[in-house]
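Enquirer: Mind looking at a prediction? Sequence and model below.
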Amino acid sequence: MHDASAHNQVAHHAPPTSFIRKHVFSLDHKVIGKQYYGLALVAVLVGMALSWLMRIHLGWTNFAIPGLHLLSKNGAPGNVMTPEFYLQLMTMHATIMVFFVLTTAPFAAFGNYFLPIQVGAEDMPFPHFNMMSFWVTFVAFLVLVSSFFVGQGPTLGGWTQYAPLSALGEVTGPGQGSGVVLWAISIAMFCVGQLLGSLNFITTTLDMRTRGMSLWRLPLSSWSWFITSCMGLTAFAVLMPACILLILDHVAGTSFFAPGGSVINDQVQPHSGGSTLLWQHLFWFFGHPEVYIAIVPGMGIVSHVLVTNMRKPMLSHRVLVYSFGALAVLSYMVYGHHMFVSGMNPVSSLAFSFPTLIITIPSTVIVLIWLGSLYGAKLRINAASLFSLGFISMFIAGGVSGFFLAQPSTDIMLHATYFVVGHFHMVMGVAAMFGIFAGTYFWFPKMFGRMMNETLGRIHFWFSFVGAYAIFMPFHYLGMAGNVRRYQAFTPDYMQPLVPLHQFITIAALVTGVAQLVFLYNLFHSRFWGKPASDNPWQATSLEWSTPTTPPPHNNFGDKLPEVYHDPYQYGVESSLGDYVMQASPEQVKTVHDEA
Amino acid sequence: MRKESSFAAVLSAVVLVCSGALILNQKVSAAGEGKISGTVRLDGPAPHMKGIEMSKDPYCAKAHANEPAHLEQVVVGSNGGLQNVVLYITEGLPASALAEAPKEVLVFDQKNCMYTPHVLAMDAGQTFKVTSSDQTTHNIHPLPNPMTGNIPWNQSQPPGAAPIEKSWKAPEVIPVKCNIHPWMNGWHVVVKGPYAVTDGSGNYSINNVPPGNYAVTAWQELYGTQTQKVTVAAGKAGTADFTFKAK
Amino acid sequence: MAKFFAITILVIAILSAIPILRHTWWMAEDISTHGAPIDEQMSETMAEAGISFLASQFILAFFIWKFSNPRPGEKIKNFPGGAKAMVWAAVLLVGTEVLALGVFGAKAWANVYFTPPSSSAMPVQVQSGQFAFYFRYPGPDGKFAPIHPELISESTQNFYGLDTNNDPDAKDDIVTAEMAIPVNREIHLLMHSKDVGHSFFVPELRVQQDFVPGLDLSLHFTATKVGRYEIVCTQLCGLGHYNMKAYLSVLSQQDFDDWMKKEAAMQ
């Protein structure tokens, strides 16, 4: 609950007029949100292209990919991919996707654009920090990509950058010198960007809510961004120093992560006293919350989109919010399940196993609330709701494989196999992407004042949904058969009979990937030539649909901030508008209270 | 008037260049006349060479299924001749003989998961080509000392990939490893000027040596180097035989 | 569209389950003495995960089928049990399910990791390095000679940095590229890495354990079936990771002794 005086403390900035201040170094959270979206879009295309190259190589190992040598000086003699180049592509694919797509798009892009509007604020409290957050992230992306063009190319150490492979320098392989340093600089910068962003998100949610907007009246998407920013503030604050220590191991001759007595190429390495497990602990203390940083905003967006398209409130708003919160808290206690066979004390493995199993309870509650809310709904089918329902299906499919990885005993057989790859691609990769797509189809009219093409959206959905299952379900089978991940080829061994399955996956990945171009076309075509959108095309209730214009004006709500009278999702009521009443509408109607 | 003088200048320049080229050409052909030859032997029983197990890569293991591979540190012929010894001139070469590296492109092949030849000698600046006759991916990782000006590199070569062409800037003995097959090791012996490597009987012949007094050095990977004085007279080859003591 | 979507979900769910039920791609046969509880745990988890997967996909499909395209004027309905039912279902069903898994899984884990190797177990050392495993047997004296990192030389096949000139213990140590063990004999595997992180994974043996540079770790197991199996590295260790392998030969005692003689001659 908030009084208006708090808002008067925020400096009212006049709309900028120069091109640079309006579109480049903008302080407007909406422009920054769109910039983040653009960055994620570029990053996802790069990441997807890299995955195609990898997939082709996995299916047909010695196939010469025309033009591949242009990407790397040494990585593709005669256009045939070398093992090191495969690993470099893999590392870059993962880093770009996890950091610059799955973190930026659902959290930084949509959150920036819609969190201030959904809480009824005219902007974020620290616009300069917000601008810095984007530009630091942007430079971080450039630094990461630049590693393709320096020395022996980007790092091949995987997105987890396990030490001492990452700490000893070029002796451990191509790209392990300057490539790792650039990687660590990029990620440390990314952390700074997200710390600034999280700070803004938290303050916006706590201090910038408009009159009548109590915390429980926040839409689920806002709740998910708020909870995610709390995780971001604590997780990125751990990864950043870890990256700095890693950089020091390279440039200052320190030995934080490199133990003594390592012999590489018959030479004893000049390090001693470092701990390789220290890196793993620091990394996963960030790494597991990061998984939830990627997926919780997706859950929030999907809930928000579904509620609107179900025309009824969630079974329980509060239980969902509590479950999001439980995920966030538990995510810090489970990270050890990445390290069951790492040589850490086997008792710790058990200790990490139980919270990991328990985290399925809030996840299950979330899924059951979604399913229970679908019961008796008046479900509208459109591209946004299809992707939301697809998200639920993917989240279930990827979630159940977590049972296996949560137990150290079964993890012995599945650790570091394609089972893990299938698990996280479904549960945080594809599911989060579906969340991004749902958000895009849903909010595009508000962001650009035009509707996206519905038919193209559905075509995009069908290829993505069926394609994602065709690609990632077989990963689980590969894992069951013991196919180790991060192998660039399968030499005559027990994995070679699995190559046909890899070829099937490759074909599915290429087809699914090409279908994404439909989305890209839809996005750009609709941006300029789409059907003009009304202020509230989905008959939705939250504040972003109450702006005086579409897209919203510079200060979001014009002269007067809205006042909130209702819980966020007043659907299935009788009002002057039909079956819903907007949060900012003073109209009193008989509402169905959803508190459990 | 001006035209004429410039014409004369061009003409004289052409004459100068042509005669210069002729003189240089003469020198090169003179260098081709002499040579240093001899035999390198091992004194004593050849040391035991450990067998190499290649089971980790079934392709390699299959290639050596009938006859296991052995280390190639010391390879002795039936006559006691020592193979893979590099001979090169350490003293007495005129600057002109050092000016240009031979045009011949050397081949460093990977065959049956071993390097062929095990020791590749070359002139600084001479181009060599790394090829693979194997249906398995190899990695070529030479480990020069960066202080010499030679830049280390580390690159893999899958089956079907193009050969890798490189050269070394400075004289140095460079170990070459394959990181994928840890038993694979070879040597790039980079020298300045003419060189030779002994064959299976320990014989060698350094060609293109102009007449003069020289110091010839023999390098063997386990036993190190030995140097001898040799004289090459016009039309007569110099001879230098070396003997390494087994240990 | 909605009905088509519901059917698609159903079909995908069923198709996904078929290879699992038919074991089209499945774990290799267990040859260890400790593997049975792990396999049992795997089947139980598969059953519970499979039921959860199919049930929730079916419900999702059914609700999409049933509650889309409503007739005009149709009223929304609330789920009879409300959110409370869902929370209880999650806590009771899934909670007990995962707790049961956790408790039984812990037993299977304890089986492997909390029982020390017996004193009669045969010690074998394994050293991982970019990108090969090398094994060491102590030889007749039963003693592993100390390792000198500065003497390690792959090019002369001194993988363990043994000082064979001065150290009598080192003379009889047998270093091999392939691991051979006698069948039905407990093995105490002493693990260390010479450079970066690696892992020791033999699916048939139901063991997977990382090598941690700077730490000495160990595993113990008994193989019950003669055969040739593969040891693979599962921890990304550099460009040759995909080719970091070794074979594990489980031999009869007689064959093992012969093998050992042959290897001793190769040194």
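Expert: Cool, got the structure. Residues are numbered from 1 along each chain as shown, chains lettered A, B, ... in the order given.
Enquirer: Let me see the contact set for the residue in chain B that chain A sits nearest to.
Expert: Chain B approaches chain A most closely through B:Ala162 (3.3 Å), counting by Cβ to the nearest Cβ. For every residue, glycine as well, the C-beta is placed using N, CA and C. Going by Cβ atoms under 8 Å, 6 or more residues apart in numbering or on different chains, B:Ala162 touches A:Pro77, A:Gly78, A:Val80.
Enquirer: Give me the buried entries from those.
Expert: When the contacts of B:Ala162 are checked for burial by 16 or more other Cβ atoms under 10 Å in any protein chain shown, the buried set is A:Pro77, A:Val80.
Enquirer: Chain C next: which of the contacts of B:Ala162 are close?
Expert: Among the contacts of B:Ala162, no residue is within reach of chain C (Cβ under 8 Å from any Cβ of the partner chain).
Enquirer: Now secondary structure too, for the contacts of B:Ala162, in TSV please.
Expert: What follows is these, written out as TSV (DSSP: H, G, I helix; E, B strand; the rest coil):
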residue	secondary structure
A:Pro77	helix
A:Gly78	helix
A:Val80	coil
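Enquirer: Doesn't C:Asp163 lie inside a strand?
Expert: No. Looking at C:Asp163 with three-state DSSP, it is coil, so not inside a strand.
Enquirer: Pull the contacting residues for it.
Expert: For C:Asp163, the contacting residues are C:Ala145, C:Pro146, C:His148, C:Leu151, C:Ala170, by Cβ under 8 Å, 6+ apart.
Enquirer: Which members of those are classed as buried?
Expert: Buried among the contacts of C:Asp163 (16+ other Cβ under 10 Å): C:Ala145, C:His148, C:Leu151, C:Ala170.
Enquirer: Scan chain A for its longest helix.
Expert: Assignment by DSSP state H gives helix A:276-310 as the longest helix of chain A.
Enquirer: any chance you could map the strands in the stretch 1-150 of chain C?
Expert: Shown for the stretch 1-150 of chain C, the strands assigned by DSSP state E, counting those that start in this stretch span residues C:122-129, C:132-137.
Enquirer: for the residue nearest in space to the middle of chain A, helix, strand, or coil?
Expert: Central residue of chain A (Cα atoms, centre = their mean): A:Leu102, 2.0 Å from the mean position. What three-state DSSP gives for A:Leu102 is helix.
Enquirer: and it, what is it in contact with?
Expert: A:Ala294, A:Met428, A:Gly429, A:Ala432, A:Met433.
Enquirer: now the lengthiest strand in chain A against helix A:276-310, angle please.
Expert: Across chain A, the longest stretch assigned as strand under DSSP state E is strand A:570-575. Relative orientation of strand A:570-575 versus helix A:276-310 (axes from the mean of the first three to the mean of the last three Cα atoms, to 10 degrees): 20 degrees.
Enquirer: got the buried residues for strand A:570-575?
Expert: Those would be A:Gln570, A:Tyr571, A:Gly572, A:Val573, A:Ser575, for strand A:570-575 by 16+ other Cβ under 10 Å.
Enquirer: In CSV, list the residues you listed along with distance to C:Gly139 and pLDDT.
Expert: Below are the buried residues of strand A:570-575 laid out as CSV (distance: Cβ to Cβ, whole Å; pLDDT from 0 to 100):
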residue, distance to C:Gly139, pLDDT
A:Gln570, 81, 92
A:Tyr571, 79, 91
A:Gly572, 81, 88
A:Val573, 85, 88
A:Ser575, 89, 88
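Enquirer: near chain C, from these?
Expert: Checking the buried residues of strand A:570-575 against chain C (Cβ under 8 Å from any Cβ), the matches are A:Tyr571, A:Gly572.
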